[in-house]
Structures are given as C-alpha cells and as structure tokens.
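Participant: predicted model and sequence below, questions to follow.
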Amino acid sequence: MTELSGKQRKHLRGEAHDLSPVVQLGSSGLTDAVVAEVDRSLEAHELIKVKLIGDRDQRQQIVDDLADRVDAEAVGLVGYIAVLFRAHDDPGKRRYPLPG
C-alpha cells in the first residue's frame with residue numbers, strides 16, 4: 001500500500017470517528033486468528049477500529065506489526081483504539097475516497 005499523506009490520514013480519522021471497534025485483542029495478544037479477522041474486516045469495510053491491550057509502547061508495536069501483516073496503513077492510535085485502513089482492490093467498491 002502506498003504511504004498516506006497527513007491530509008489523507010486526518011480525513012480517515014474523521015471518517016472513523018463514529019465507528020466502533022470490530023476486533024478486540026485479548027490476553028493472548030496478536031495471534032494468527034486475530035490477524036485473519038482483521039484481514040477479513042478490512043476486506044469488508046476498508047476502515048476499521050481495533051481495541052488493543054498493553055502499555056503505550058506495546059500498543060504501538062502491536063499496531064505496526066498488525067498493519068504490516070495485513071498490508072494496511074495505521075491511520076491513528078488514541079489510547080487503546082487503533083484505526084487501520086486498506087483501500088479495496090476494486091476502485092468501484094471503495095467506500096472512502098481519499099482527498100488529494
């Protein structure tokens with residue numbers, strides 16, 4: 001995925017504001033099942049929230065690792081909630097057109 005600009009990230013964070021987390025990490029952390037569920041959710045929704053666990057450094061590491069594993073872009077991380085984005089492969093099915 002191409003790198004998002006600051007303007008695009010800000011736009012996507014605004015779009016994600018009213019979304020609820022669709023995936024929640026448990027005490028087992030970032031398992032293959034969690035990665036598969038995030039991948040399915042991104043395929044269906046493009047923009048999702050994920051509820052995390054751990055301290056600040058752990059959460060940032062989890063988000064970075066998760067984004068790499070599902071080929072997504074980490075749009076934001078506020079507290080225990082991360083926002084991930086991956087544009088749909090078919091341009092006709094994209095829900096969130098990016099500015100600029």
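Facilitator: Everything's here; your move. Residues are numbered from 1 along each chain as shown.

Participant: output the below-cut-off pLDDT ranges for this protein.
Facilitator: 1 (pLDDT under 70).

Participant: how about the helices of it, start to end?
Facilitator: For the chain, the helices defined by DSSP state H occupy 6-16, 32-45, 56-69.

Participant: out of those helices, which is closest to residue 90?
Facilitator: Closest of the helices of the chain to residue 90 is helix 32-45, at 10.9 Å (criterion: C-beta to C-beta). No exception for glycine: its C-beta is placed from N, CA and C like everyone else's.

Participant: so what's the most centrally placed residue in the chain up against?
Facilitator: Nearest residue to the geometric centre of the chain (C-alpha atoms, centre = their mean): residue 84, 1.3 Å. For residue 84, the contacting residues are 38, 42, 47-50, 63, 66-67, 70, 72-75, by C-beta atoms under 8 Å, 6 or more residues apart in numbering.

Participant: can you count the residues close to residue 78?
Facilitator: By other C-beta atoms under 10 Å, the residues close to residue 78 number 9.

Participant: before we move on, the earlier item: dump the helices of the chain to a markdown table, plus mean neighbour count and distance to residue 95.
Facilitator: Below are the helices of the chain laid out as a markdown table (neighbours: other C-beta atoms under 10 Å; distance: least, C-beta to C-beta, whole Å):
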| stretch | mean neighbour count | distance to residue 95 |
| --- | --- | --- |
| helix 6-16 | 15 | 9 |
| helix 32-45 | 15 | 7 |
| helix 56-69 | 15 | 19 |
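
Participant: returning to that earlier point: what bridges to the residue nearest to the centre of the chain?
Facilitator: residue 48, residue 74 (DSSP bridges).

Participant: from residue 97, how far out is it?
Facilitator: Here residue 84 is placed at a distance of 18 Å from residue 97 (C-beta to C-beta, to the nearest Å).

Participant: can you check residue 68 too?
Facilitator: Here residue 68 is placed at a distance of 25 Å from residue 97 (C-beta to C-beta).

Participant: got it, and residue 33?
Facilitator: From residue 33 across to residue 97, the span is 32 Å (C-beta to C-beta).
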